[in-house]
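Enquirer: Sequence first, predicted coordinates after that:
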Amino acid sequence: MSADPILNPVYFEAKVNSKVFPVLPGYHKVMHEPDVAITTLLGSCVAACIRDSNTGIGGLNHFLLPRDRSENASGFSARYGVNAMEVLINEILRTGARKQDLEAKVFGAGNVISRAEMTNVGQQNAEFVLSYLREEGIRLLASDLGGDRARRVFYFPSTGKARVLNLSNQDTAKTGAAEVSLEQRLRVEKKVQASIVELF
Amino acid sequence: MSCVLAVDDTRALRVMLGECLKKGGHEVVLAVDGIEALDKLKEHRPDIVITDLNMPRMNGLDFIEAARKEPEGRSLPMLLLTTETAQSLKDRAKAVKATGWLTKPFDPNQILSLVEQLA
C-alpha cells in the first residue's frame, strides 16, 4: 500500500539519506519524529527553522511578505509575517518548550524575481525575519540569506542540523515565477481575510 | 475614546495592536504577560482587555480568571486574541468568563469595531 501524498507526504530523499516531510509556501511543520527531516524550496521566500534545544522538537515555516503600500507597523504585510512566526513558535511552545531555549536558523530571501517592482521582496523578507528573532530574543545560530539562487533546505530538528542545496538557473527561474503568483494571491486575499470572532 | 489594555508577549504584536488602537483614537496600555496585565488592570482601570493566550509566567486564560476576581475586572469585556483554535481551550475560555475569542492574524478594522461595540 502506498502512502497517501496528502495525508502522509513523507518520502525518502537520497540526497540527505533520510525521510523528509515537504512544506509548501504559506505552511509550517513541527516534527516530533527524530528520524524525519523537513524540507522546503525557497526563492525569495524565507524559512525560519526553530527548535527547542532541550528536546530537539522543532520545525520550520515558509513565507513571503506581500508588498504593502501602507508600510506601517500594523500593515497587512507585517501582520502576515508575525503570524507566520507565531504559529510555528506557539506550536513548539505547546510541547512544553520555554522561549529562552529556542534556537533558530534562517534561509532563503534570494533575489530571484526579475520583475522590477519586486526586486526587493527577498531583502524585505530577510530583514523581517532577522528583526523578529532579535526582538523576541531567539538565538540565531546560522543563516544563509540573499544571493541569486533558489535553495532547497533540509532541516533536522532533532539535531538542529540544516543542509542547503542551491538550485540551477532553470529551477531558480521556475521558483521565482511561482512566488510571483503567490505574492499576487496574498495581496488579493488580504481584502477578504478576516479573523474569526466568537463572542461567548 | 476607550482605554484598551493589550497583552501579548510578542513585541511586534504589541506594536501592531498599539498602532491600530491609537489610530482608532483609543488610549492604549500594553503588558507583556498576565502578571503585568493584572498590575496594569488595577492601575489604569481599562474599558476593555485584548489578550494573547500563550504567554510565559501567566497565560491569557489564567489572567482572565484572576482578573474576574478583582473589582476592576469583574464586568470588564475581555477578549482573547490567539493563533489557537482548539475547542478545549475555547471551553476553558468560556469557563473563566472570557467575553470572546478572536483568531490571529487580526484585522485592524474588526478590532476597532469590537472595541467600539463592547467597551
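Expert: Arrived safely. Numbering: from 1, shown residues only, chains lettered A, B, ... in the order given.
Enquirer: Could you look up the SS state of the residue nearest the centre of chain B?
Expert: Chain B has B:Ile50 as the residue nearest its centroid, 1.8 Å off, counting by CA atoms, centre = their mean. Using DSSP: H, G, I helix; E, B strand; the rest coil as the criterion, the local structure at B:Ile50 reads strand.
Enquirer: Pretty sure it sits against B:Leu79.
Expert: Yes: distance between B:Ile50 and B:Leu79: 5.0 Å, which falls inside the contact criterion (CB atoms under 8 Å). (Glycine included, C-beta is placed from N, CA and C.)
Enquirer: Give the residues shared as contacts by those two.
Expert: Shared contacts of B:Ile50 and B:Leu79 (CB atoms under 8 Å, 6 or more residues apart in numbering or on different chains): B:Leu102.
Enquirer: separation between the residue nearest to the centre of chain B and B:Asp107?
Expert: 13 Å (CB to CB, to the nearest Å).
Enquirer: got the residues of chain A near chain B?
Expert: Chain A has residues A:72-74, A:78-80, A:82-83, A:86-87, A:90, A:93-94, A:98-99, A:132, A:135-136, A:193-200 near chain B, with proximity defined as CB under 8 Å from any CB of the partner chain.
Enquirer: mind checking how far the helix ranked longest in chain B is from the chain centre?
Expert: Of all segments of type helix in chain B, defined using DSSP state H, the longest is helix B:11-23. Computed by CA atoms, centre = their mean, to the nearest Å, the chain-centroid distance of helix B:11-23 equals 12 Å.
Enquirer: Quickly run through the sheet partners of the helix or strand following it, with directions.
Expert: Sequence order places strand B:27-31 as the next helix or strand after helix B:11-23, per DSSP states H and E. In the sheet, strand B:27-31 lines up against strand B:3-7 (parallel) (DSSP bridges).
Enquirer: what sits up against the partner strand?
Expert: B:14, B:17-18, B:21, B:26-34, B:36-37, B:40-41, B:44-52, B:55, B:60, B:63, B:115, B:119.
Enquirer: mean confidence score for stretch A:166-183?
Expert: On average, the pLDDT along stretch A:166-183 is 92.
Enquirer: residues in contact with it?
Expert: A:25-26, A:41-45, A:64, A:66-67, A:110, A:112-115, A:118, A:121, A:147-152.
Enquirer: Find the centremost residue of chain A, please.
Expert: Most central in chain A (CA atoms, centre = their mean) works out to A:His62, at 2.1 Å.
Enquirer: Surely B:Thr103 is in contact with A:Ile196?
Expert: Yes: counting by CB under 8 Å, A:Ile196 is a contact partner of B:Thr103 at 4.7 Å.
Enquirer: higher neighbour count, the two?
Expert: The residue with more neighbours, out of B:Thr103 and A:Ile196, is B:Thr103; 17 against 10, by other CB atoms under 10 Å in any protein chain shown.
Enquirer: who's in contact with the closest residue to B:Cys20 other than its chain neighbours?
Expert: Using CB to CB, 6 or more residues apart in numbering or on different chains and skipping the chain neighbours, the partner closest in space to B:Cys20 is B:Pro108 (4.2 Å). Contact analysis of B:Pro108 by CB under 8 Å, 6+ apart lists A:74, B:20, B:23.
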